[in-house]
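> coordinates only, no sequence provided:
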């Protein structure tokens, strides 16, 4: 390594642009920051040696240099930005409406949006955010974050730690804010220093040279917030592994107790009651106008009253349960227990619990029941024995009946629209009679049946849909987000301000630098210079720009 | 007088006060500045702004009391709050930089936004269960405040561009600057047309056949502006009203697509008329007409304000728009991030401002380029508020 010794005696690492100690420009390295002899110094990272600006030989160097470039980082951000926006043109696959004709993406996009939709689907944009290339893009941003930060934070730390109050004159007069006062008095300088002290600058002195500094910690803000982002990206990676993350769904009927999926059969949930409440325009004066305009029911609450039980042992093959939580789960009010969280997610109103039928003779105009029977719709019996030796046989059961191209079938397994094919066996019949019965349907297979069925009653219940979540990555996301916020506030709401006072014979040079908010440091200096004959710093950048024209 | 009426009065007063304050800022600025640093008109203007803000806070508080929840739950309430945030952000920035010209531009932007808000249904509406959470005021107010301050960066950027862009020749830059100004006219056009026909109580009902869930259905569609673009396959039922001159393209989805498209056409027509009239009166580009009045303002100070506002707004936006949003989403919907269009556009906004902040590290991205970026950034915010809410329906479509 070719270390560079400055005239002040400090040995700088290779690639240093401004001496870490006194700030004197190192002649042979000025091109690295595109410094021009006559113009202002580029004060980024205080001109300290950065790996990416120094080595350019091996593949590792080249990769490092590529990712350490802010330009590359910004490009990655911009590409991610455009890609993200593309994903909102049409709904993502998971947001295809539940009630769409088909939720098959191969059909949906073309049917709904025509050719553009088809192209959208074929490009895989319907699952854009989980596509390999989107993930790769985010991963590249992560790599860029790490390399950019390391490339800069190490040298910056060195430079800010080593800086001496006594700076080389070229360093001072090539700062953006600069002034030179001839024949400055000691008192004025002291007054100025005290003024800066009052503005909470820390004062370092060396041989009459002064460095007043404030808010150095804000320089670490970007690196702190990048650490936060990296933690968030790591958390996102961890979340893709299943052991950190559980996502299950469970339907529970009112009155039913079921095992909670994903808990290794250790917990049971009982749905005591499901409540759906709506706003009432009659009684709620506040919202009357809005509700009447909307002209439809606006829900005010979804709620499931539950009892959570824990398995404590086993008795003759059946688990013994001990209730340990009784609570309500509402929207925005999930239930937490032992690392699991239950959310109110869906519901099904008025599902059929059971149906009662009567059997009567077809020729009986009074339809007097010979007998009645009740079918439990969640677990129907195969046969029901009635009076007079009559036997009812449930030949087919469609819990959620639909007629699909002339073929009866069940849309779901939930008893939302139950229908039955029923055989009646009676002692006075030679062969059994077949009937088809459901809500609003009562069909006699042959038209010659002697026995007829009729629905006399039914009971309904509500079903509550709950998601079960366990997510060990949440705290990690939380920590990442907190660190990011600390870093970004540290870097944005404070600034690193430095003022150098450089005596030169009887004169004094004043220079100032800040990483942002030049207006603020100018005001600090103005206030501190009050009642002195020292000259106010001028902004040399204006002149600089004029030169360029 | 009921509290609801009082609330409305507060809002109207705020609107009036902001308007007068705008004029005062205009005057203060025309004042040949005497040796005194602060001009009297400028002081009056900022005080009027503060009283206006207090009045708007009065609206906010009374409405909160009446409804029982923070009034930021629908398009009207949210946009009004955004207007308030811009005013608040302006006041904060004003006391740091004491720049009168900022008020002359920031207040009209806030006024347009508040007026735009009033075009949406103003009834106090109940909260659906997913919105019943203390995170509603926390999330929404933080987002809105951050957008208010980012709005100030837009205002400073816009002033910078009007001040700096060479108006002696027609160029791409003058074209885009005029486009930005034209957009403001379109908003005014929307407000004027909607208000006019509301006063006239215009109503035309169409019977439309729509495909819904794979089944043809007939629905009634109500137009409150004469139908330039009628619904595709619609029949006018109301007699003596305009029957669509053109029909809305069928690829425009959503149940209100035809009326929204029609409103957009009206806004652009009215905006164009206002714009052309203004151009005829001024006899030059609007940018060129304003430019000479801005020469006293220092461009580097404007650049500083643009950047400073982003530096203040970005962390706030991250906190409100991403972090608080994620916490709430986790509580309400069991996932802190779901790639809903609104969420994606919040991320796009965040990426964009992150890119601006990184570009500031490079030479050559200060000044004019920064100003353009600040303008685009606010355009993305408005896109997320208006287009994503009204067109790309999702969990956040509340209007």
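Nice, thanks for sending it over. For clarity, every value in this text was computed on a predicted model and none was experimentally measured.

> residues in contact with residue 147?
Reading this off chain A. A:64, A:67-68 (Cβ atoms under 8 Å, 6 or more residues apart in numbering or on different chains). Every residue, glycine included, has its C-beta placed from N, CA and C.

> that's the wrong chain, I wanted chain B
By Cβ under 8 Å, 6+ apart, the contact set of residue B:147 is B:82, B:85, B:313, B:317, B:381.

> tell me which of those residues fall in helices.
B:82, B:85, B:313, B:317, B:381 (DSSP state H).

> show me what counts as buried in whichever helix in chain B runs longest.
Across chain B, the longest stretch assigned as helix under DSSP H is helix B:135-164. By neighbour count with 16 or more other Cβ atoms under 10 Å in any protein chain shown, helix B:135-164 contains the buried residues B:135-136, B:138-164.

> what is the rounded mean pLDDT of that helix?
Per-residue pLDDT values over helix B:135-164 give a mean of 96.

> wait, does whatever helix or strand comes next after that helix contact chain A?
Using DSSP states H and E, the helix or strand that follows helix B:135-164 in sequence is helix B:172-199. No. Residues of helix B:172-199 are not located near chain A by Cβ under 8 Å from any Cβ of the partner chain, the shortest gap being 14.6 Å.

> helices and strands around helix B:172-199, which ones?
Judged by 3 or more Cβ pairs under 8 Å, 6 or more residues apart in numbering or on different chains; DSSP states H and E, helix B:172-199 is in contact with helix B:100-117, helix B:135-164, helix B:257-282, helix B:286-290.

> avg pLDDT for it?
Helix B:172-199 shows a mean pLDDT of 94.

> for the stretch 201-350 of chain B, what lies in contact range of chain A?
Residues of the stretch 201-350 of chain B lying near chain A by Cβ under 8 Å from any Cβ: B:213-214, B:251, B:253, B:300-301, B:304, B:307-308, B:311-312, B:314-315, B:318-319, B:322-323, B:326, B:330-334, B:336, B:339-341, B:344-345, B:347-348.

> tell me the buried residues within those residues.
B:300-301, B:304, B:307-308, B:311-312, B:314-315, B:318-319, B:322-323, B:326, B:330-334, B:336, B:339-341, B:344-345, B:347-348.

> rewinding a little: redo the contacts of residue A:147 as a markdown table? Include neighbour count and pLDDT.
As requested, those are exported to a markdown table (neighbours: other Cβ atoms under 10 Å in any protein chain shown; pLDDT from 0 to 100):
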| residue | neighbour count | pLDDT |
| --- | --- | --- |
| A:64 | 18 | 91 |
| A:67 | 21 | 92 |
| A:68 | 21 | 89 |
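
> those residues in strands, which ones?
With DSSP state E as the criterion, strands contain none of those.

> chain B: which of those is nearest?
Nearest to chain B among the contacts of residue A:147 is residue A:68, at 12.5 Å by Cβ to the nearest Cβ.

> now the helices for chain A?
Using DSSP H, the helices found in chain A span residues A:51-54, A:59-67, A:70-86, A:105-122, A:132-162, A:169-173, A:186-198, A:221-239, A:288-294, A:474-493, A:518-529, A:540-548.

> format the ones you listed as JSON lines; extra columns: distance to residue A:393.
Converted to JSON lines, the helices of chain A look like this (distance: least, Cβ to Cβ, whole Å):
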{"stretch": "helix A:51-54", "distance to residue A:393": "82"}
{"stretch": "helix A:59-67", "distance to residue A:393": "73"}
{"stretch": "helix A:70-86", "distance to residue A:393": "58"}
{"stretch": "helix A:105-122", "distance to residue A:393": "41"}
{"stretch": "helix A:132-162", "distance to residue A:393": "55"}
{"stretch": "helix A:169-173", "distance to residue A:393": "100"}
{"stretch": "helix A:186-198", "distance to residue A:393": "98"}
{"stretch": "helix A:221-239", "distance to residue A:393": "52"}
{"stretch": "helix A:288-294", "distance to residue A:393": "50"}
{"stretch": "helix A:474-493", "distance to residue A:393": "53"}
{"stretch": "helix A:518-529", "distance to residue A:393": "89"}
{"stretch": "helix A:540-548", "distance to residue A:393": "95"}
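
> rank those by mean pLDDT and give me the bottom one.
Note on those: helix A:540-548 shows the lowest mean pLDDT, a mean of 53.

> residues in contact with residue 348?
Using chain A. Residue A:348 touches A:251, A:414, A:416, A:462-463, A:465, counting by Cβ under 8 Å, 6+ apart.

> chain B is the one I meant
Taking Cβ under 8 Å, 6+ apart, we find residue B:348 in contact with A:81, A:84-85, B:380, B:384.

> need the nearest residue in space to residue A:54, chain neighbours excluded.
Closest residue in space to residue A:54, ignoring its immediate chain neighbours: residue A:15 at 3.1 Å, by Cβ to Cβ, 6 or more residues apart in numbering or on different chains.

> for the residue nearest to residue A:386 when sequence neighbours are not counted, give its distance to residue A:191.
Nearest residue to residue A:386, sequence neighbours excluded (Cβ to Cβ, 6+ apart): residue A:371, at 4.0 Å. For residue A:371, the distance to residue A:191 equals 110 Å [Cβ to Cβ, to the nearest Å].

> tell me which of these two has more neighbours.
residue A:191 (18 against 15; other Cβ atoms under 10 Å in any protein chain shown).

> isn't that one right next to residue A:527, touching?
No. The criterion here is Cβ atoms under 8 Å, and residue A:191 misses it with residue A:527 at 11.5 Å.

> in chain B, which residue is closest to the centre?
Taking Cα atoms, centre = their mean, the centroid of chain B lies closest to residue B:113, which sits 4.2 Å from it.

> so it sits right up against residue B:81, yeah?
No. In this structure, residue B:113 is not within contact of residue B:81 by Cβ under 8 Å, at 9.7 Å.

> now the strands for the stretch 401-549 of chain A?
A:401-404, A:407-410, A:419-425, A:433-438, A:441-444, A:451-471, A:497-504, A:507-514, A:538-539 (DSSP state E, counting those that start in this stretch).

> so for residue B:241, which of these sits nearest?
Of all these, it is strand A:401-404 that lies closest to residue B:241, at 42.8 Å by Cβ to Cβ.

> so which of the buried ones among the residues of the stretch 201-350 of chain B next to chain A are in helices?
B:300-301, B:304, B:307-308, B:311-312, B:314-315, B:326, B:330-333, B:341, B:344-345, B:347-348.

> under the pLDDT cut-off, which ranges of chain B? List them.
B:30-38, B:210-216, B:250-255, B:392-399 (pLDDT under 70).

> most neighbours, which of the contacts of residue B:348?
Neighbour counts for those peak at residue B:384, which has 24 neighbours (criterion: other Cβ under 10 Å).
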